[in-house]
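# Generate coordinates for the sequence data below:
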Amino acid sequence: MESISFGRTGLRVSRLCFGTMTIGSSKWKPWVLDEKEAQPLLKRCLDLGITFFDTANWYSTGESERVVASTLMSMVRRDQLVLATKAFYPMSDDSNDRGLSRKHLLASIDASLSRMKTDYIDLLVIHAFDPETPITETMETLDDLVRSGKVRYLGASTMFAWQFEMMNHVARLNGWTQFINMQCQYNLLYREEEREMLPYCRDRGIAVTGFSPLARGWLSNSTATRSKTDHNFANMYGDTLDREICVSVERIAKDHGVSMAEVALAWFYTKEDICCPILGASSAGQLERNVAALDLQLGLDEVESLDQMYRPRDVINDYVPEPMPRYWQGE
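Predicted structure coming up:
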């Protein structure tokens, strides 16, 4: 698999990133793979040339970080991997064990490094915007983490473009490290980031990593455990137009003799504003089909027909001021 430049940085990453929310502990979510089941899947990622892995301290309450890092580093050298993790969501009932305060960020990175048994994180992503912590506090702390050598690069996830720019603006004013990555939800059923976030990132040379390319299973006609137990499967998607788009994806898939997932991913891969799609998988076969979609060439008319079906919809991100019904549930 080819490696590509990560925005306007010297960092190079594999063309695809593997998202590891599905790895850790089935006690956390029923669709999560435990360590023994996850090991062959992670090995297959390496076999296919994937060296960029995305996890978070919140996934399986830290177990994902441990399993992913220990498994991968038992197979290849640490410097051959690009490992990303995140911080923001509650890790306990302690009121200070959440958010983007200096206290929580410093504790979070040390805990992540301990679980992953590594001296540094390649990419630290803040999992959401924190309206309760001053931006100067967050950005100065993140800069300290980079200067300490514990973190190489900074990224952010699931927020409005104005919030993202406001944080980078504060960093620029103070000579602190800026974000070089935005991780946002993007797929055939959800393209709101095309309005402001993607143009902003294009202008600034910020690498965009897109998660949920299959809309939590809607675009693969999933009948797996996650589609039956993930509350966001029904909460975020499934209206009349979503279903019509899925029908169109299924029709194109039949024409090409491939799966719906491969068509949805092939469409995703045509979007140049997305530097790195974040793929999830629960089996080696599923992973291989997702990677094979890189070679699926959709006709221009097919891409345009799918593009034209979209309509404006409510924004999906993790920033909901008051009340916060979805704010703490995370991605």
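# residue boundaries of the strands in the stretch 51-200 of the chain?
Secondary structure of the stretch 51-200 of the chain, counting by DSSP state E, counting those that start in this stretch: strands at 52-54, 82-87, 121-126, 151-157, 181-185.
# Buried ones in the shortest one, by neighbour count?
Okay, so that is strand 52-54. F52, F53, D54 (16 or more other Cβ atoms under 10 Å). The C-beta positions use only the backbone N, C-alpha and C, and glycine is treated the same way.
# can I get these in JSON lines with pLDDT and distance to L279?
JSON lines is the format used below for the buried residues of strand 52-54 (pLDDT from 0 to 100; distance: Cβ to Cβ, whole Å):
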{"residue": "F52", "pLDDT": "98", "distance to L279": "10"}
{"residue": "F53", "pLDDT": "98", "distance to L279": "11"}
{"residue": "D54", "pLDDT": "98", "distance to L279": "10"}
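# which residues are contacting the longest helix along the chain?
Longest helix in the chain by number of residues (criterion: DSSP state H): helix 240-256. The set of residues external to helix 240-256 that reach it, using Cβ atoms under 8 Å, 6 or more residues apart in numbering, is 188-189, 215, 218-219, 221, 259-260, 262-264, 296, 298, 302, 305-306, 309-311.
# Buried subset of these, written for PyMOL?
Per 16+ other Cβ under 10 Å, the buried members of the contacts of helix 240-256 correspond to this PyMOL selection:
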select buried, resi 188+189+215+218+219+259+260+262+263+264+296+298+302+306+309
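# What about the contacts of helix 240-256, which are in helices?
Using DSSP H, the members of those that fall within helices are M260, E262, V263, A264, E302, S305, L306.
# The residue positioned nearest the centre of the chain bridge partners, please.
The geometric centre of the chain, computed from its C-alpha atoms, lies nearest to F211 (Cα atoms, centre = their mean), at 4.2 Å. F211 forms beta bridges with Q185, as assigned by DSSP bridges.
# OK, contacts around it?
Residues in contact with F211, defined by Cβ under 8 Å, 6+ apart, are G19, D54, Q183, C184, Q185, Y186, I278, E331.
# next one: M167
The neighbourhood of M167, defined by Cβ under 8 Å, 6+ apart, consists of F129, I135, T138, M139, A156, F179.
# For these, give me JSON lines that also has distance to G285 and neighbour count.
Output for the contacts of M167, formatted as JSON lines (distance: Cβ to Cβ, whole Å; neighbours: other Cβ atoms under 10 Å):
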{"residue": "F129", "distance to G285": "37", "neighbour count": "23"}
{"residue": "I135", "distance to G285": "44", "neighbour count": "18"}
{"residue": "T138", "distance to G285": "41", "neighbour count": "22"}
{"residue": "M139", "distance to G285": "43", "neighbour count": "26"}
{"residue": "A156", "distance to G285": "33", "neighbour count": "25"}
{"residue": "F179", "distance to G285": "35", "neighbour count": "25"}
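# from those residues, which is closest to R102?
Of all those, T138 has the smallest distance to R102: 7.8 Å, by Cβ to Cβ.
# ok, the closest one to W162 distance?
Distance of T138 to W162, given as Cβ to Cβ, to the nearest Å: 16 Å.
# Check L214 too.
Where W162 is concerned, L214 sits at a distance of 29 Å (Cβ to Cβ).
# what do you get for K103?
With the distance defined as Cβ to Cβ, K103 ends up 26 Å from W162.
# Give me the pLDDT value at the residue of the chain positioned farthest from its centre.
Computed with Cα atoms, centre = their mean, the residue of the chain farthest from its C-alpha average is D255, at 30.3 Å. pLDDT, the model's per-residue confidence, is 97 for D255.
# related to what we said a few turns ago, and of the strands of the stretch 51-200 of the chain, who's closest to S108?
When those are ranked by proximity to S108, the top entry is strand 82-87, at 3.9 Å, counting by Cβ to Cβ.
# M139 reaches H169, doesn't it?
No. The criterion here is Cβ atoms under 8 Å, and M139 misses it with H169 at 9.5 Å.
# which stretches of the stretch 151-300 of the chain have low pLDDT?
Residues of the stretch 151-300 of the chain that meet the criterion pLDDT under 70 lie in 223-235.
# How about E262, nearest residue that isn't a chain neighbour?
For E262, the nearest residue in space outside its immediate sequence neighbours is A293; the separation is 4.3 Å by Cβ to Cβ, 6 or more residues apart in numbering.
# From T118, how far out is that neighbour?
Plainly put, A293 is 31 Å away from T118 if you go by Cβ to Cβ.
# okay, these two: which has more neighbours?
The neighbour count for A293 versus T118, taken as other Cβ atoms under 10 Å, is higher for A293 (23 against 18).
# Let's verify that one: helix, strand, or coil?
For A293, the reduced secondary structure class is helix; criterion used: DSSP: H, G, I helix; E, B strand; the rest coil.
# quick one, what contacts it?
Contacts were defined as Cβ under 8 Å, 6+ apart; by that measure A293 touches V258, A261, E262, V263, L265, A266, Y269.
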